[in-house]
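Chemist: With the input below, show me the fold.
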Amino acid sequence: MQHSFINVHTKSKVALETEKYLIHRRIKSKLSYSDNYLEIKEIPKNEDELAYYIDACREFFRDKSVNFINLALPENTELDKKLVKFLKNNGYTNTEFDLYRLDVEKIKIIDADNLNISVLEKADYPEYIDFNYKIDLEFANEEWANHNKESIYEDIRNEEIVQLIAKENNKIIASVNIILNDNYLEVDNLYVAEKYRKKGIASGLIHRAIKIFNKKYIILIADSYDTPKYMYEKMGFEHISSKIYFLKSEL
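Modeler: Residues are numbered from 1 along each chain as shown. This next block holds a predicted model:
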């Protein structure tokens, strides 16, 4: 089976499609960069063609309280260096994401019985929400942390998403979302509290998901410049695709 970014779970919907681009929108979240963006179909060759996409994105979101511009390139493509420089000079930052896939049949599954890992239960909801709130404060800000609470509740209510947690001394120290599909699962929002990193907890969560859900493949998205991707490669994940975004976070 071939996998691509099309297989990755998203909460946004395609709100508009033309011959040259797609616009993705999530009505419930005006702050989410990853859910409100323009996806380019044809790579621009000059500044005028690039400006066309910028203007189209700005115009679509103008009256929707989305105060940023986010452009996505087609998978496994790059902009000309001159256009990248043009964007950076105009306040854009670029982020590259890698899609990884693990063929479960090619690895030895570790029991991880020494770790206290379980499916999230209702009694742990308040602590789990607070755990994720602190994660959002670490990586974003208070506005996003408050805004994202409802999204976390949506994930908990979604029957296709299962939350695994790891505990020590009866406190949550790690969590991950497991998104279920027909013959594969997706690992999302994997996080281990700083004090407990490099102890095999992240890989333990993934191996436990393999045992529980018995899927042939696992996919996940990693920031190209983040250290954890090397852990995935060590586990046997293979890099299969990349995607680059250009974001102007304030208009």
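Chemist: Show me which parts of the worst-scoring helix or strand of the chain on mean pLDDT are buried, residue by residue.
Modeler: Ranking every helix and strand in the chain by mean pLDDT, DSSP states H and E puts helix 228-235 at the bottom, with a mean of 89. Buried positions in helix 228-235, judged by neighbour count with 16 or more other C-beta atoms under 10 Å: Lys229, Met231, Tyr232, Met235. Placement of C-beta: from N, CA and C, glycine included.
Chemist: for Ser203, what are its contacts?
Modeler: Counting by C-beta atoms under 8 Å, 6 or more residues apart in numbering, Ser203 makes contact with Ile110, Ala112, Met231, Met235.
Chemist: hmm, 10 Å instead?
Modeler: Ser203 sits next to Ile110, Ala112, Leu115, Leu190, Met231, Tyr232, Lys234, Met235 when contact means C-beta atoms under 10 Å, 6 or more residues apart in numbering.
Chemist: and of those, the nearest to Trp144?
Modeler: Minimum distance to Trp144 across the contacts of Ser203 is 18.6 Å, recorded for Leu190 (C-beta to C-beta).
Chemist: Adding distance to Glu159, write the buried residues of helix 228-235 out as a markdown table.
Modeler: Shown next, in a markdown table, are those (distance: C-beta to C-beta, whole Å):
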| residue | distance to Glu159 |
| --- | --- |
| Lys229 | 30 |
| Met231 | 29 |
| Tyr232 | 27 |
| Met235 | 27 |
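Chemist: what's the domain layout of the chain?
Modeler: Domain segmentation of the chain under automatic domain parsing yields 5-99+244-248, 108-235.
Chemist: Show the end-to-end separation of the last one, please.
Modeler: The reference is to domain 108-235. 9 Å (C-alpha to C-alpha, to the nearest Å).
Chemist: can you check the shortest one too?
Modeler: For domain 5-99+244-248, the first and last residues are 22 Å from each other (C-alpha to C-alpha).
Chemist: tell me the mean pLDDT for that domain?
Modeler: Domain 5-99+244-248 comes out with an average pLDDT of 98.
Chemist: Same check on stretch 188-196?
Modeler: On average, stretch 188-196 scores 97.
Chemist: send the alpha carbons of it over as CSV?
Modeler: Below are the C-alpha coordinates for stretch 188-196, written out as CSV (Å, rounded to 0.1, in the frame of the first residue of the first chain):
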residue,chain,number,x,y,z
ASP,A,188,-0.1,11.8,16.5
ASN,A,189,0.7,14.3,19.3
LEU,A,190,3.3,12.0,20.9
TYR,A,191,4.7,13.7,24.0
VAL,A,192,6.8,12.6,26.9
ALA,A,193,7.4,14.9,29.9
GLU,A,194,11.0,16.2,29.8
LYS,A,195,12.1,14.5,33.1
TYR,A,196,11.1,11.1,31.6
